[in-house]
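Enquirer: this one's sequence-less:
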């Protein structure tokens, strides 16, 4: 998906990182608008990468955020997407889907526990 439509992956990541403040559609549109401007989509991508790092206290390695997004934007977007998945968040569901998933998992009691009469 990212190889052909990096804007969609960016939009999904942005929606999760902004906690629904930026929709996937708006994030994708922002990314697409930055491409013709001298391929400056690395700028917005690196800002969201920094936001992800700050949110989960991640180290900036192997290179600076802007460098990774400038030289290998698809790899950077995939890495961010996988990091969110590793944290138990599926960016493809969107923010509302994530909240619904959290609410559903919170209402299911652990196995072996029952209510007393």
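Expert: Here it is on my side, so go on. These numbers come from a predicted model, not from an experiment.
Enquirer: most centrally placed residue in this structure?
Expert: residue 13 (2.2 Å; C-alpha atoms, centre = their mean).
Enquirer: Hmm, that residue is touching residue 80, no?
Expert: Yes - between residue 13 and residue 80 there is a contact at 5.2 Å, judged by C-beta atoms under 8 Å. (Each C-beta comes from the backbone N, C-alpha and C, glycine too.)
Enquirer: overlap in contacts of these two?
Expert: Here residue 13 and residue 80 have 48, 52 as joint contacts, going by C-beta atoms under 8 Å, 6 or more residues apart in numbering.
Enquirer: quick revisit: what about the strand or helix carrying the residue nearest to the centre of the chain, average pLDDT?
Expert: Here residue 13 sits within helix 6-17, counting by DSSP states H and E. Helix 6-17 carries an average pLDDT of 94.
Enquirer: again with stretch 90-109
Expert: Mean predicted lDDT for stretch 90-109 stands at 85.
Enquirer: what comes into contact with that stretch?
Expert: 9, 12-13, 15-16, 18-20, 23-24, 81, 84-85, 89.
Enquirer: And those residues, which of them are buried?
Expert: 9, 12, 13, 15, 16, 23, 24, 81, 84, 89 (16 or more other C-beta atoms under 10 Å).
Enquirer: in stretch 29-38, what counts as buried?
Expert: Within stretch 29-38, the residues scored as buried using 16+ other C-beta under 10 Å are 30, 31, 32, 34.
Enquirer: and the angle for the host helix or strand of the second one with helix 6-17?
Expert: Right, the one you point to is residue 31. Using DSSP H and E, the element containing residue 31 is helix 24-34. Interaxial angle, helix 24-34 versus helix 6-17 (axes from the mean of the first three to the mean of the last three C-alpha atoms, to 10 degrees): 130 degrees.
Enquirer: what's the spacing between residue 73 and residue 58?
Expert: 18 Å (C-beta to C-beta, to the nearest Å).
Enquirer: Does residue 60 belong to a helix, a strand or coil?
Expert: Secondary structure state of residue 60, per DSSP: H, G, I helix; E, B strand; the rest coil, is coil.
Enquirer: Name the residue in residue 73 and residue 58 with the higher neighbour count.
Expert: The residue with more neighbours, out of residue 73 and residue 58, is residue 73; 21 against 12, by other C-beta atoms under 10 Å.
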